[in-house]
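*Asks:* heads up, no residue letters with this:
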């Protein structure tokens, strides 16, 4: 699929609070371009004399007017644009030009005859710059929504926001976190990257079942390092499930998915580590797998009923092998009330664990009477905090995510667009109500967490296209947050 649209979308470093000093978004040769365009004759209101722009008061004044004329033209072009991509391109250029005009007027000294006029004009231009910043910020917040709409339109899926079954949340991890040192990465841009054996989906699975994926040969998980501490505050949600808009973008990320499917295993792991810390337990403590927790499992799952395993192994297999039996035993070990209390205390307000997981047919004992619910916002916040190493034991989950054996969704989505992108870890989920993935990835020096879910569907291709579209935007347009 051609992604011309993504290359034209605005750079996501724009924020409402853009300052008026510095020309960070101004191309280095913009002054020369303006000079060649407006270097002779009257240009706009108040310009006099001939000659190229210079460092004199008159040169600054004429330069500001030249930039403002061009900015007005870009703003008008943005209003008239028929496509979002063209509109955003004009808005971005207009914002840079308004900032340049403000800077030019600010350079006029107080002893100049033009100073008073420059002050008044600078105030007017500042208002236009603020307006431009706001328009860009609003467009920037629609980043994910526009990518979803583009993918759905291209693939012939519903494009109306109200009707879309898609949920997407994207957050940037603090750049100082060098995650390649914490967990193995897969460079999906290289042809020699390991290729997992693909499994065709055969019909819809029963509620909260797991798609069978042949076991892949993976490296032995690295033992987490001792004493690793985070250097950033945890990424938290507001009471209504919203994320920090500077770090994150979402499309229907605050609306519960049709089902949590196997993504619910991530909050169960978070709740386990909270219990370990709270009760001063040890992850090497043994846990007996009760026969009553049997259900069909992913191919290659290694936790068997009637045996004992360290909590560490049970949790790791739940994540990297998506083991349903391990999940059900941990639910018994933790208890519904305690798990949900932990979710509330960690400010994941829309995540609830209410029942065990069931395979194709066999239902575990004491299945549960509640619902398993979450949002892509909640799951993304959990992942961002795990990869930020914000709480004790996070590295245990990180290691399991990096050894995830299902590479059909997010991993393939990155690989297909042939970017210099690194897959850091992933947890997938699919049943008859949803297909979803939450993943960590590296684009250049930056790290991101992306969660994508499609309700009432098993469309792997659409999910991959959304992953690829988001990644390509980040490559071509830059990070969400810049230093």
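*Replies:* Structure received. For clarity, every value in this text was computed on a predicted model and none was experimentally measured.

*Asks:* now do the biggest helix by length in the chain: which elements does it pack against?
*Replies:* Secondary structure of the chain per DSSP state H: the longest helix is helix 115-141. In terms of contacts (3 or more C-beta pairs under 8 Å, 6 or more residues apart in numbering; DSSP states H and E), helix 115-141 is packed against helix 57-80, helix 84-106. Quick note: C-beta positions are derived from backbone N, CA and C, even for glycine.

*Asks:* looking at those, which is buried most?
*Replies:* Most buried of the helices and strands packed on helix 115-141, by mean neighbour count (mean count of other C-beta atoms under 10 Å): helix 84-106, with a mean of 23.

*Asks:* and the angle from it to helix 115-141?
*Replies:* Relative orientation of helix 84-106 versus helix 115-141 (axes from the mean of the first three to the mean of the last three C-alpha atoms, to 10 degrees): 150 degrees.

*Asks:* from the chain's centroid, how far away is helix 84-106?
*Replies:* 26 Å (C-alpha atoms, centre = their mean, to the nearest Å).

*Asks:* what is it packed up against?
*Replies:* helix 4-8, helix 30-38, helix 57-80, helix 115-141.

*Asks:* hang on, the earlier thing: taking helix 57-80 as reference, get the angle to the longest helix of the chain.
*Replies:* Using the same axes, to 10 degrees: helix 115-141 against helix 57-80 is 30 degrees.

*Asks:* and helix 115-141, what's buried?
*Replies:* Residues of helix 115-141 classed as buried under the neighbour-count rule (16 or more other C-beta atoms under 10 Å) are 118, 121-122, 125-126, 128-129, 132-133, 135-137, 139-141.

*Asks:* just for the stretch 151-300 of the chain, where's the confidence low?
*Replies:* Along the stretch 151-300 of the chain, segments meeting pLDDT under 70 span 157-162, 174-234, 236-237, 239-241, 300.

*Asks:* picking that back up, and the helices and strands packed on helix 115-141, which one is worst for confidence?
*Replies:* The minimum mean pLDDT among these belongs to helix 84-106 (a mean of 85).

*Asks:* quick one, helices of the stretch 151-300 of the chain?
*Replies:* 265-278 (DSSP state H, counting those that start in this stretch).

*Asks:* can you give me the helices in the stretch 301-450 of the chain?
*Replies:* Using DSSP H, counting those that start in this stretch, helices in the stretch 301-450 of the chain cover 311-320, 324-334, 336-345, 376-387, 394-402, 410-416.

*Asks:* the fifth one vs helix 311-320, what angle?
*Replies:* For helix 394-402 against helix 311-320, the angle by the same axes, to 10 degrees is 40 degrees.

*Asks:* can you redo the helices and strands packed on helix 115-141 as CSV with distance to residue 165?
*Replies:* Formatted as CSV, the helices and strands packed on helix 115-141 follow (distance: least, C-beta to C-beta, whole Å):
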stretch, distance to residue 165
helix 57-80, 31
helix 84-106, 21
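
*Asks:* need the helices and strands packed on helix 84-106 in a markdown table (columns: distance to residue 358).
*Replies:* As requested, the helices and strands packed on helix 84-106 are exported to a markdown table (distance: least, C-beta to C-beta, whole Å):
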| stretch | distance to residue 358 |
| --- | --- |
| helix 4-8 | 39 |
| helix 30-38 | 61 |
| helix 57-80 | 52 |
| helix 115-141 | 39 |
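
*Asks:* could you pull up the residues touching the residue most central in space within the chain?
*Replies:* Nearest to the geometric centre of the chain sits residue 170, at 1.6 Å (C-alpha atoms, centre = their mean). By C-beta atoms under 8 Å, 6 or more residues apart in numbering, the contact set of residue 170 is 143-144, 248-250, 380, 448-451, 470, 480.

*Asks:* what bridges to it?
*Replies:* Per DSSP bridges, the residues bridged to residue 170 are residue 249, residue 450.

*Asks:* contacting residues for the closest residue to residue 105 other than its chain neighbours?
*Replies:* Leaving aside its sequence neighbours, residue 105 sits nearest to residue 122 (C-beta to C-beta, 6 or more residues apart in numbering; 4.0 Å). Going by C-beta under 8 Å, 6+ apart, residue 122 touches 64, 102, 105-106.

*Asks:* how does it look with 10 Å?
*Replies:* Residue 122 is in contact with 20, 64, 101-106, 108, 129, counting by C-beta atoms under 10 Å, 6 or more residues apart in numbering.

*Asks:* gap between it and residue 98?
*Replies:* Residue 122 is 11 Å from residue 98, where distance means C-beta to C-beta, to the nearest Å.

*Asks:* ok, residue 132 touching residue 68?
*Replies:* No. Residue 132 is beyond contact range of residue 68, at 11.4 Å (criterion: C-beta atoms under 10 Å).

*Asks:* what is in contact with these two at once?
*Replies:* Common neighbours of residue 132 and residue 68, using C-beta under 10 Å, 6+ apart, are 97-98.

*Asks:* any idea how far apart the tips of stretch 352-363 sit?
*Replies:* 20 Å (C-alpha to C-alpha, to the nearest Å).

*Asks:* now do that stretch, average pLDDT.
*Replies:* 91.

*Asks:* just give me the neighbour total for residue 412.
*Replies:* 21 (other C-beta atoms under 10 Å).

*Asks:* same deal with residue 156?
*Replies:* 7.

*Asks:* ok, residue 242 - contacts?
*Replies:* So residue 242 contacts 248, 250, 253-254, 349, 377 (C-beta under 10 Å, 6+ apart).

*Asks:* pull the most distant pair out of the residues you listed.
*Replies:* Pairwise distances among the contacts of residue 242 were taken by C-beta to C-beta; the largest, 15.5 Å, belongs to 248 and 349.

*Asks:* hmm, residue 408 is touching residue 460, no?
*Replies:* Yes. With contact defined as C-beta under 10 Å, residue 408 counts as touching residue 460 (6.3 Å).
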